[in-house]
Structures are given as structure tokens and as C-alpha cells.
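J.: sequence and computational prediction follow.
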2 protein chains.
Amino acid sequence: MPAPKEFLDFVDSNADAFIQRLSEAVLIKSVSGDPTYRDEVIKMSNWINQQLQAVGVQTHLADLGRHTMDGQDLPLPPAVLGRIGNDPNKKTVLVYGHFDVQPALVSDGWNTDPFKLTILPNGQLVGRGSSDDKGPVLGWLNVLQYHHQTKTPLPVNLRCCFEGMEESGSEGLDDLVKKESQPGGWFDGVDCVCISDNYWLNTRTPVLTYGLRGLSYYKINVEGPARDLHSGVFGRMVHEPMTDLIRVMGTLVDVNGKILIPGVDEMVAGADVEERQLYEKLDYSIKDVEDSIGAATALSDDKVEVLMGRMRMPSLSLHGIEGAFYGAGAKTVIPAKACTPQSPESVLPLVKAHIESEFKKLGTKNKLHLEELHGGTPWVTDINHWNFKAAKIATKAIYNQEPDMTREGGSIPVTLTFAEALGVSVLLLPMGRGDDGAHSTNEKLDRSNYIQGTKLLGTYLYEVSVAQ
Amino acid sequence: MPAPKEFLDFVDSNADAFIQRLSEAVLIKSVSGDPTYRDEVIKMSNWINQQLQAVGVQTHLADLGRHTMDGQDLPLPPAVLGRIGNDPNKKTVLVYGHFDVQPALVSDGWNTDPFKLTILPNGQLVGRGSSDDKGPVLGWLNVLQYHHQTKTPLPVNLRCCFEGMEESGSEGLDDLVKKESQPGGWFDGVDCVCISDNYWLNTRTPVLTYGLRGLSYYKINVEGPARDLHSGVFGRMVHEPMTDLIRVMGTLVDVNGKILIPGVDEMVAGADVEERQLYEKLDYSIKDVEDSIGAATALSDDKVEVLMGRMRMPSLSLHGIEGAFYGAGAKTVIPAKACTPQSPESVLPLVKAHIESEFKKLGTKNKLHLEELHGGTPWVTDINHWNFKAAKIATKAIYNQEPDMTREGGSIPVTLTFAEALGVSVLLLPMGRGDDGAHSTNEKLDRSNYIQGTKLLGTYLYEVSVAQ
Ligand SMILES: [Zn+2]
Ligand SMILES: [Zn+2]
Ligand SMILES: [Zn+2]
Ligand SMILES: [Zn+2]
């Protein structure tokens, strides 16, 4: 069922007001990862809460308790739960978004004040959180405003879950989601979930996302001397921890991204001709990668290989190496992305066996400790579910384009939480483009993505209401 | 010629006053590497200047100009030059020391205030700079005080060069030494040099040092993407700079300290039986290494191998690796110690050829840049020179022990500057023990090393006066 023409017209004629509201949201420095901004994140919870109430949503500020960050005991910003409609003849859709943002300082290289939304002549709305994830959250508000203002009933029962700790590990959210998914909870009766918090592959073609990689962090610590040593004195007298660590790290991944830990790549079956065709179809080129990284360093000239590397293969990166000059020890934290059917539990023994065996081969007298810091399971869902069908029809209606069906290289752990707690289809329906620069300097959301994206979210609700 | 018994008695009966003077010196926070302490370093120049004048030395505060540190334009602390005696029938001895210190904070793990000299019951004088290098500098002052107070002429003409930037690269000193070594300069006519700024091998046996390793820093920079990439998105899509860098670093040195760059270890000829005997004779054991590092991670169980690794072989350490999570580039600065006959100039082409060839083998699309940051030439001198003979006799007189003849694993670049500018024998005559912890927390100088060391420096001057 298409959205009413009045809705689409309303969005167009209120575009400037919607952008104005996005400015207000960007102005609140809701950086969840920095304790000095915690008040601003809480202010943002309240702002979202008021905005939802103003468009007729029944809300609840869900207290998530306190936590420790940088040695400080801090209140967690409350999650904002919303409910509108309770018609047993309608489907119930849960939408998720987050209103916290990554840190941003002009000195990082922003061309403008990151917390002042700047409208560029080319239509880009530049500001921290414009695309990740205040824009999409406000997209839902815009949809609700039409229905409230014109007294048009929503085609579905809607539930909202907006949080303020996503950029800092969604602290406290898992428990809340599990609790509210119980009978009588805020999410009881939800038929499907829609999350708008990722991006198109490129700058041209809308996307529906049906998979995410999992994430594990492995901490390797090589212990040697009991204290840091005087520079120069001990070179070539003792086994240096850093030398050992670099040696072990060199056995983990090759320069082409292939994981050298026996069994890890092998857990993921190769793609057959049919699966390769899925990637062939995607609107993507090597030039897109090169443009987005600003260098000609893609791992392959074959777009299918590059896309499969991101979407259906595990990856392992080397980084975060710490160790003083002739230091007492050396350590690193290695982030590894996993793909279905891998789980943190199934990969860990392979990683452990490999690292310990490689370290043993070195014949050093230092000691190695391996620790898995935390893990997230990869996720893939059925693209033939009515939730996806509805989103596909809605996308065609708004963009006049077939959406690309993608899997993300990154992780959005809450996706799996919803899927598991509710047992329903979860759809990732991004609003922004691949070059938005979430987490980077000069983050932007294109005006057309914000406005057309608002139409898309609304239209999706209409299509869901009749989908089967 | 032995030192007069009155001198030795004077040192013993003035020991407490000498320690009191060391307290005063430690109290001045002359940290040269931190711009906020620059005034204290300059204060220290003036304090040394006054102390020298008080014991009859003609002095000169040598202006070294200004420099930039951490983006700040700062005055360099003046070097203090001293001159006493001009008798053409006496030898002229130049003594060098430095009065600046390494940074120190209680929070680094000091048991006491680092800038308040604490006398422990076991006789240790704990404080920053006690051993490196205020103690030895004050040793010379103590010697001079005896001669001034008792109106005893020195057995030699003495020249002093005390600087305040040693811990920060001896900025400005090279030019000063070269200038003052010219005819008419402060160091004109110098017959030998004595530097007291290193340590015994152990805690038992005094040492004369006749060699130092050189030092080169190689900066490797792997350039990839034009900007940092969104975490997770680009894993296994692009060549990651850090992966490439770790691979290259893994080809430089093995876990046993052997340098894998072809030709580098080979430049240093193997030790014959006779040379091995020099190391056999040294009072050192594997337990000494293990005690000083607090772990059983020595590279060998053979003390000769371990000592030769430190004293006559080059070494290369991996450290200082920087690169963001999916960063635009990755870099490291690699310190390498060289031994005679290696020079920075002769080693660089080998390093460059090896790194470039290993990087090429990787087949990555990223780019590598290698840069040599600065280099210091290794130094070895003749242990049969009268300068060393005098020091050996003096050591036996004071410690009743044959000194160990050592080469240092580290660098004291000013050694080479003096050797080249003056063309005379340079002797390193340490005051402190191997466990003093220079540059570390809880730096100390043993009371007996300070007091006997003062006697040693004085006695050395008497032995030099007659040596041939
Ligand atoms: Zn987000
Ligand atoms: Zn984000
Ligand atoms: Zn020193
Ligand atoms: Zn030092």
C-alpha cells in the first residue's frame, strides 16, 4: 500500500522545518564516549522524549543505571521508549536508532563547527551526527509529525527504541531489550524491526542490508623484563618483547587480507556462481572504493572479490601496538571480523592454537598471554521475508530504483539482540550515502537523503502494513 | 703519583657536606626535555657556575642560543666552562659532565620525592640525577674544594665542560666544543679528556670504558588511504598499512637479536680467542643480567655471548609503532645501535636496500618511505694510552681492585665530538653502579660510590700528571 500523496507532499513542504529540527539535534553535543559530555547526552534523551510526546507518542525514559568510564562513575543516559497504536488488526513495527554521537573537534580537521549544522550549496548538511544517527532518528519524527498534525492514523502500531550509548558499546541496552521483549513489555507483540543506522554502498543507489560481520578483540601480551630497561644498554642482551610480538603478528594475516590462522577462512564456504551473481549485481565499482579511501589500494581489481571481502569474509586488522622503548612488555589488541557461520566461540580455539604454536616456534624466553576481550556474533537474515519485500517496494516507490541488497563489513550488535530477543525479522534500512563520513571529520547527510529518506521510512510503514 | 693522604682524609671527613651539596643539586628540577622546566635548567647552570667560582675556578657561561621544543621557542641553558691552572709543565685535563636530568614524577613509581635526595639506611642516595649525572659532576667539585680550601695546587691544569642539554641531544654543544678546541679557545692545549657519565657493569667492580655503540634511527612510513577509514567497513577491502608495516618489521631482526638485514652483522668481524678472553675476564654473570632486568630472558647462558651482544655487536629494536585503527598510514621509528667499523653512512644503504626489497616482495599497493632521522658513529679507543693507565692505577689505589675494561651498549655522542675535535685520548670513568637506574624510577647513587668516586677522580688527576 503506497503512502498517501499528502504525506509525500507534507514532507516536501516541511523540508526546511525538518532541517531546522536536525540543526537543533546536532547542537546538543551528545558524545557518549567522553565523560565531560555526559550531561549533553542526557539532555539529548530528554529532547528526543519531548519531541516524541509532541507528535503524540506515549514515551518512557528507561533508566539504565550507572557505569564507570575513564575511572568516573557516571549515570547512563536513559533510553527513550515510545509507543503509538495498539490495534490488534495492525502489524507492530519496532524502530531503533541512537542519538549519541562520536567525538568531534574543529582541530580534528573539520571545515566548520561540527555541532552547528551547516548547509552547503551542494545540499550537504554537515555536522556531527547528521548521518550517524540523528538524521535517521529524526526521519521517524518527521513521519510521526505528519500523522499527528493531520490526524492521520499510522498504518501500523509503532514502537520506538532510541538509545544514547551506541557509540560506546550500547551499555545497558541488551538487558533492557530482553526485559521489554517479555510479555507485557514495551516490545511485546512486535512483528518486525527496522534499524536505520548504516549506509548505502555508494552515493547513487539505495540499499537494504541483511547481514553484518561479527567482531572479536584479541589481546596479545608479551611479557619480558620486570621493568623498562635503560635505552641502549640491553639491546642484544635480552629477548625483546616487541620483537616477539611483531613476529607473532606477522603470522596472522597476509597483505592481501587473507587470514593465515588455519581454519578461520576455511569456516566460511566459498561463493558459488549464484552467490557471486548477488555481488555482480551491486552498483559498485573499484572506483567507488578508491574514491572513498582516497587511494588506489583496493585488494583486487575485481569488484566481486572486493565486495565479498567486506561482506562475506572474515577480516583481521593489526593495530594498537603498545610497548616502550626497551619496555618491560609489549601488547596489542587485534580486532577481527567474523562472518556466518563463525562465532566468537568457534573461532577462539583456532586463534589460540595458532598464536601459541607460532610463539613457541620463536624459541623466546618471554611469555605470551592471549585474551579475548569481547565478541559479537555475525548476523545474516532472510531477504525474502515480507519485512524486506515491503522495504523493497517502498524504495522503488521513492527512489524509482531497485535497492542493492548488502551485507555490512561492520557490526551493529543491537541487531542480533533484537533478532534473538524477539525472534522476528530485522531489516537495516539506511538513510545516508557511503561517503557520509560517519565517525570521520566533516560528517554529512545529503538533503535529498534526509528528505527522500523520511519519505522512505513512512512509505515502508505503509508497505509493511499490507506485506505478507 | 698517588694523591696526598690529606686529600683522601678530607673527602672522608667532608662526606656529609658533599652529600648535602648533592641534595641541593637534586633539588633543582633541571629536566631538559620538558619546556616547563627550562628555567630550572638555567638555574642549574648558574648554580654550577657559582659552585665552580667558589672553589677558585675561572668560569664562563657559554650562550648556546635558542631552540624549538614542543613548538616553543626556548633559550638553551648555557654550558658552564671552567679553567684552573695554566702551567706549561703540567698536563691539561678536560672533564665533562651534565647537570640536566631525565623527567621524574612520583606517579611514575618513585618511592620518594624524586627531587628530594633521600638517604636510605643501606647508604643509597635516592633522587633524580644522583647518579646521572649530578653525582659525578659534584665529584669534581669535591676534588676542587679540597685543593682550593687547603691551597694545594692541582697536579694538572684543569678544564671543565658541564652542559645542561645532554638528555635532550646535547643541543648546541658540538659547535661549542669545536669552537673552543681551536687555538685560543677554552679547550686549547687539552692533553686528555675524562667523562664520568656511565656505569659499572655490576655492583662490585669499578670500570674503565673504552667503547660506545653508535646509534641510528630509521623512520619507516607506510602510506595508504588518504584518510582514516570507518572501523569495520574497509577490513579486507584495502591493503592495510599496518599489516604491511608489521610484515616489513618482521624481517629486520630475529628473536635472538640477530640482525637480518644482509651485510649489517657481517660488517663486524667475529671475535677471536684473544678477544673472547677480554670478555671472559669481566666480572659479570648471567645472574647479573637477570637481576637487572628482573626476568630470566637473557639471550644466552654464555656470559661472553651476552656481553659481546651488548658491547661489540650491533642491535636493532622494534618500537614506537603508530597507526590508527584502519588508519591512513602506519609508521615506526627503529633505533639501531652500530659497532665499529660501522658508521651511519655505511649501514644506511644496506637498511634501505633490504627494507625496499622486502616491501616490494609483499606486493601491496601502499607506499613505503624510509628516512634516517639522525645517526651517531660508534667509538672505540686505545686502552693502552697513558690516560687509561693512569685511571687503572687510580682505581687500584682507591678500590684495591683491577677495573673491568668495558664497552657500553649505549651512546654518549659528545665522546666522539671531543675525540675528533681535540684528537686526544678520551676516557670514560664511571662513578655509579650498574643498578643505579639512571632514566628509571628510584634512581640512586651509593654513598660509597659517591665518596670513593670523588677520591678516584682526584687520584686520577695525580696519576695522569705523571703518566706516560
Ligand atoms: Zn550509528
Ligand atoms: Zn556510529
Ligand atoms: Zn648521563
Ligand atoms: Zn642520562
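T.: Nice, thanks for sending it over. Ligands and ions are numbered 1, 2, ... in the order given.
J.: so which residues of the stretch 51-200 of chain A form strands?
T.: A:58-62, A:66-69, A:72-75, A:79-84, A:92-98, A:118-119, A:124-126, A:157-163, A:192-195 (DSSP state E, counting those that start in this stretch).
J.: let me fix that: the stretch 351-468 of chain A
T.: Under DSSP E, counting those that start in this stretch, the stretch 351-468 of chain A gives strands at A:367-376, A:379-380, A:404-408, A:425-428, A:444-446.
J.: measure A:Pro335 to ligand 1 for me?
T.: Distance, A:Pro335 to ligand 1, using C-beta to the ion, to the nearest Å: 17 Å. Heads up, the C-betas are built off the backbone N, CA and C, glycines and all.
J.: pretty sure A:Thr332 sits against A:Ile220.
T.: Yes. Between A:Thr332 and A:Ile220 there is a contact under C-beta atoms under 8 Å: 5.3 Å.
J.: pull the CA atoms of the worst-scoring helix or strand of chain A on mean pLDDT into CSV?
T.: Lowest on mean pLDDT, DSSP states H and E among the helices and strands of chain A sits strand A:329-338, with a mean of 86. Extracted C-alpha coordinates of strand A:329-338, given in CSV (Å, rounded to 0.1, in the frame of the first residue of the first chain):
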residue,chain,number,x,y,z
GLY,A,329,56.3,-5.9,27.8
ALA,A,330,54.6,-5.3,24.5
LYS,A,331,50.9,-5.7,23.7
THR,A,332,48.3,-5.3,21.0
VAL,A,333,44.6,-5.5,20.6
ILE,A,334,43.6,-7.1,17.4
PRO,A,335,40.1,-6.6,16.0
ALA,A,336,38.8,-9.4,13.9
LYS,A,337,35.5,-9.5,12.0
ALA,A,338,33.8,-12.8,11.6
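J.: next, show the common contact partners of A:Thr332 and A:Ile220.
T.: A:Leu245, A:Met249 (C-beta atoms under 8 Å, 6 or more residues apart in numbering or on different chains).
J.: the closest residue to A:Asp34 other than its chain neighbours: neighbour count?
T.: Ranked by C-beta to C-beta, 6 or more residues apart in numbering or on different chains and with sequence neighbours excluded, the top spatial neighbour of A:Asp34 is A:Pro103, at 5.7 Å. Look at A:Pro103: counted by other C-beta atoms under 10 Å in any protein chain shown, it has 15 neighbours.
J.: got it, and the one 5 residues further on?
T.: By other C-beta under 10 Å, the residues close to A:Asp108 number 12.
J.: what do you get for A:Val95?
T.: 24.
J.: read off the pLDDT value for the residue nearest the centre of chain A.
T.: When chain A is reduced to its mean C-alpha position, the nearest residue by C-alpha atoms, centre = their mean turns out to be A:Ile412, at 4.1 Å. A:Ile412 is assigned 87 on the pLDDT scale.
J.: what do you get for A:His439?
T.: For A:His439, pLDDT reads 86.
J.: could you find the closest non-adjacent residue to it?
T.: A:His439 sits nearest to A:Gln102 (C-beta to C-beta, 6+ apart), 4.9 Å away.
J.: show me where chain A has helices.
T.: A:5-13, A:15-27, A:38-54, A:135-149, A:173-180, A:241-249, A:273-280, A:286-293, A:303-311, A:344-362, A:386-399, A:413-422, A:447-466 (DSSP state H).
J.: now the strands of the stretch 51-200 of chain A as a markdown table including distance to B:Leu429 and mean pLDDT?
T.: Shown next, in a markdown table, are those (distance: least, C-beta to C-beta, whole Å; pLDDT from 0 to 100):
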| stretch | distance to B:Leu429 | mean pLDDT |
| --- | --- | --- |
| strand A:58-62 | 73 | 98 |
| strand A:66-69 | 54 | 96 |
| strand A:72-75 | 52 | 96 |
| strand A:79-84 | 70 | 98 |
| strand A:92-98 | 67 | 98 |
| strand A:118-119 | 67 | 98 |
| strand A:124-126 | 65 | 98 |
| strand A:157-163 | 68 | 98 |
| strand A:192-195 | 72 | 98 |
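J.: doesn't A:Phe418 make contact with A:Val193?
T.: Yes. If you go by C-beta under 8 Å, A:Val193 and A:Phe418 touch, sitting 4.8 Å apart.
J.: per-domain residue ranges of chain A.
T.: When chain A is parsed with automatic domain parsing, its domains come out as A:5-212+A:378-466, A:214-268+A:313-375.
J.: out of these, which gets nearest to ligand 3?
T.: Ligand 3 sits nearest to domain A:214-268+A:313-375 of all these, at 10.4 Å, using C-beta to the ion.
J.: any idea how many residues pack against the residue of the stretch 301-450 of chain A found nearest ligand 1?
T.: With C-beta to the ion, the shortest gap between the stretch 301-450 of chain A and ligand 1 falls at A:Ala438, namely 6.4 Å. Using other C-beta under 10 Å, A:Ala438 has 24 neighbouring residues.
J.: got it, and A:Lys287?
T.: 12.
J.: how much space separates it from ligand 3?
T.: From A:Lys287 to ligand 3 the distance is 57 Å (C-beta to the ion).
J.: now do that residue, the pLDDT please.
T.: The model reports A:Lys287 with a pLDDT of 93.
J.: A:Asp191 too?
T.: 98.
J.: how near is A:Leu350 to chain B?
T.: 17 Å (C-beta to the nearest C-beta, to the nearest Å).
J.: name the nearest residue to that residue, ignoring sequence neighbours.
T.: A:Gly263 (4.5 Å).
J.: what of A:Asn46?
T.: Nearest non-adjacent residue to A:Asn46, counting by C-beta to C-beta, 6+ apart: A:Leu61, 7.5 Å away.
J.: the one you found contacts A:Ile48, doesn't it?
T.: No. Between A:Leu61 and A:Ile48 there is no contact, the gap being 9.4 Å when judged by C-beta under 8 Å.
J.: any idea how far B:Leu252 is from the residue of the stretch 301-450 of chain A closest to ligand 1?
T.: With distances taken as C-beta to C-beta, to the nearest Å, A:Ala438 is found 37 Å from B:Leu252.
J.: do A:Leu61 as well
T.: 57 Å.
J.: higher neighbour count, these two?
T.: Neighbours of A:Leu61 and B:Leu252, each counted by other C-beta under 10 Å, are more numerous for B:Leu252; the result is 23 against 15.
J.: quick one: contacts for that one?
T.: Neighbours of B:Leu252 in contact, by C-beta under 8 Å, 6+ apart: B:Ile259, B:Leu260, B:Ile261, B:Leu316, B:Leu318, B:Ile334, B:His354, B:Ile355.
J.: got phi/psi on it?
T.: phi -90, psi -40 (degrees, to the nearest 10).
J.: ok and the residue in the stretch 251-400 of chain A nearest chain B?
T.: A:Gly294 (2.5 Å; C-beta to the nearest C-beta).
J.: near the residue nearest to A:Leu350, how many other residues are there?
T.: Considering only other C-beta under 10 Å, A:Gly263 is surrounded by 14 other residues.
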